[in-house]
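attaching a predicted model along with its sequence, questions to come.
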Amino acid sequence: QVQLVESGGGLVQAGGSLRLSCAASGRTFSSYTMAWFRQAPGKEREFVAAINWSVGSTAYAESVQGRFTISRDNAKKAVYLQMNSLKPEDTAVYYCAAGRYGRSTYSGHYDYWGQGTQVTVSS
């Protein structure tokens with residue numbers, strides 16, 4: 001059984017930083033892409049960033065480019081999202097996901113999802 005467990009969310013002031021973690025278990029993810037999505041109240045889930053597990057190539061949404069960094073630790077089977085210069089509009093539940101369609105921005109291409117972690121950025 002595949003499990004993705006997020007952690008690291010919380011409340012932070014605008015301009016601050018947070019680091020989200022996603023612990024993966026249950027299978028080998030070498031052929032997978034790992035991604036972060038987010039969903040704000042009343043809005044659709046949106047792509048944030050993705051990383052190819054084996055090669056390490058990345059992709060970002062334009063709204064977070066230059067502020068967020070996705071990385072992975074193969075030995076720990078973990079994926080991270082370093083979020084800097086946070087803005088109130090970054091407030092959302094952040095989800096970790098795993099899929100096999102390359103660095104897709106489409107949530108339907110991801111097979112496994114975590115339960116989400118809340119990030120709240122105050123102004």
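Here it is on my side, so go on.

the protein: strands as residue ranges?
Remark: strands assigned in the chain by DSSP state E are 3-7, 10-13, 18-25, 33-39, 46-52, 58-60, 68-73, 78-83, 92-99, 110-113, 117-122.

in CSV: those, plus mean pLDDT and mean neighbour count.
Heads up, the C-betas are built off the backbone N, CA and C, glycines and all. CSV is the format used below for the strands of the chain (pLDDT from 0 to 100; neighbours: other C-beta atoms under 10 Å):
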stretch, mean pLDDT, mean neighbour count
strand 3-7, 96, 17
strand 10-13, 98, 13
strand 18-25, 96, 19
strand 33-39, 97, 24
strand 46-52, 96, 22
strand 58-60, 96, 18
strand 68-73, 96, 18
strand 78-83, 97, 22
strand 92-99, 96, 22
strand 110-113, 95, 18
strand 117-122, 98, 17
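
please export the C-alpha coordinates of stretch 72-81 as PDB.
The C-alpha coordinates for stretch 72-81 follow below in PDB (Å, rounded to 0.1, in the frame of the first residue of the first chain):
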ATOM      1  CA  ARG A  72      14.000  15.000  -2.900                       C
ATOM      2  CA  ASP A  73      16.100  12.700  -0.800                       C
ATOM      3  CA  ASN A  74      16.200   9.200  -2.400                       C
ATOM      4  CA  ALA A  75      17.700   7.500   0.600                       C
ATOM      5  CA  LYS A  76      14.900   8.800   2.900                       C
ATOM      6  CA  LYS A  77      12.200   8.500   0.200                       C
ATOM      7  CA  ALA A  78      11.200  12.000   1.000                       C
ATOM      8  CA  VAL A  79      10.300  15.100  -1.000                       C
ATOM      9  CA  TYR A  80      10.500  18.600   0.300                       C
ATOM     10  CA  LEU A  81       9.000  22.000  -0.600                       C
END
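
how far is it from where the chain is centred?
12 Å (C-alpha atoms, centre = their mean, to the nearest Å).

need the contact partners of that stretch.
19-25, 29-30, 34, 36, 48-49, 51, 53, 56, 68-71, 94, 96 (C-beta atoms under 8 Å, 6 or more residues apart in numbering).
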